[in-house]
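>>> Predicted model, plus sequence, below.
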Amino acid sequence: MRTVWIEQPLTYDGSQLRAHWAYKTTGIAGDVLVGFRGPCRLPVAEIADLEDVDGPGIAGDDMVHCVCEVFDDGDLGRGVLRQRLLAADAAEVLRELAPRAALRRRGDDLYVGAGKLSISVASRSLVSTLIHFAVNASNAGTPVATASLEDLGVEPVAFGRALLDRAAAEHASLETARCKVRPRGEA
């Protein structure tokens, strides 16, 4: 999996959760994880998670975003597993950068105290599985009680880059593990 950090701020509005958005944006074809910083303004028409459609909305003035696209057979179950692994990778990075934080992961969400630190969704297109995972850089503009990197004393771009590195290493390790196993019964 290739990774790229986009330097200029981008607003996540849901249009990024589409097949080939990363290719059109970065020129990288194939499995990719794109990171960037910017606000989140998700119109109801772009909310993929049905539990969130009638909720308070999904927004934040400053977030660290990751958009992942994997060209596979489109199995959404495997996409959800990748999503949860990305959340676990994010939790590991944050535990290293803010070791005193009372951080916990529940499924694909991260929390600090009563505040929700992250948002995330897995979906699929006709040719790939897609993930959006984001962490609040600040608590400004959020419609629910949140926690943020600012609360933890973590610099957002450093966190984002570290998460891309961790996720790429995790993916490479998975590929190695998949390819080095002999079939049962092989001498």
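Nice, thanks for sending it over.

>>> can you tell me which strand in this structure is longest?
Secondary structure of the chain per DSSP state E: the longest strand is strand 58-70.

>>> Now the helix or strand just after that one: average pLDDT?
Following strand 58-70 in sequence order, the next helix or strand is helix 76-97 (DSSP states H and E). The pLDDT scores in helix 76-97 average 97.

>>> the strands in the protein, which residues?
Under DSSP E, the chain gives strands at 2-5, 32-42, 58-70, 103-106, 109-112, 115-116, 118-124, 129-136.

>>> Take stretch 17-34, keep the C-alpha atoms, and write them as CSV.
Below are the C-alpha coordinates for stretch 17-34, written out as CSV (Å, rounded to 0.1, in the frame of the first residue of the first chain):
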residue,chain,number,x,y,z
LEU,A,17,-15.2,8.3,-0.5
ARG,A,18,-15.4,7.4,-4.2
ALA,A,19,-13.5,5.0,-6.5
HIS,A,20,-10.4,6.6,-7.9
TRP,A,21,-10.5,9.8,-5.8
ALA,A,22,-7.0,9.2,-4.6
TYR,A,23,-5.8,8.5,-8.2
LYS,A,24,-7.4,11.6,-9.5
THR,A,25,-6.0,13.7,-6.6
THR,A,26,-2.5,12.3,-6.2
GLY,A,27,-1.8,10.4,-9.4
ILE,A,28,-1.2,7.2,-7.4
ALA,A,29,-2.9,4.2,-8.9
GLY,A,30,-3.7,1.1,-6.8
ASP,A,31,-4.0,0.5,-3.1
VAL,A,32,-3.4,3.8,-1.4
LEU,A,33,-3.9,5.6,1.9
VAL,A,34,-4.1,9.4,1.6
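
>>> for that stretch, which positions count as buried?
17, 19, 21-22, 25, 31-34 (16 or more other CB atoms under 10 Å). Backbone N, C-alpha and C define where each C-beta goes, glycine included.
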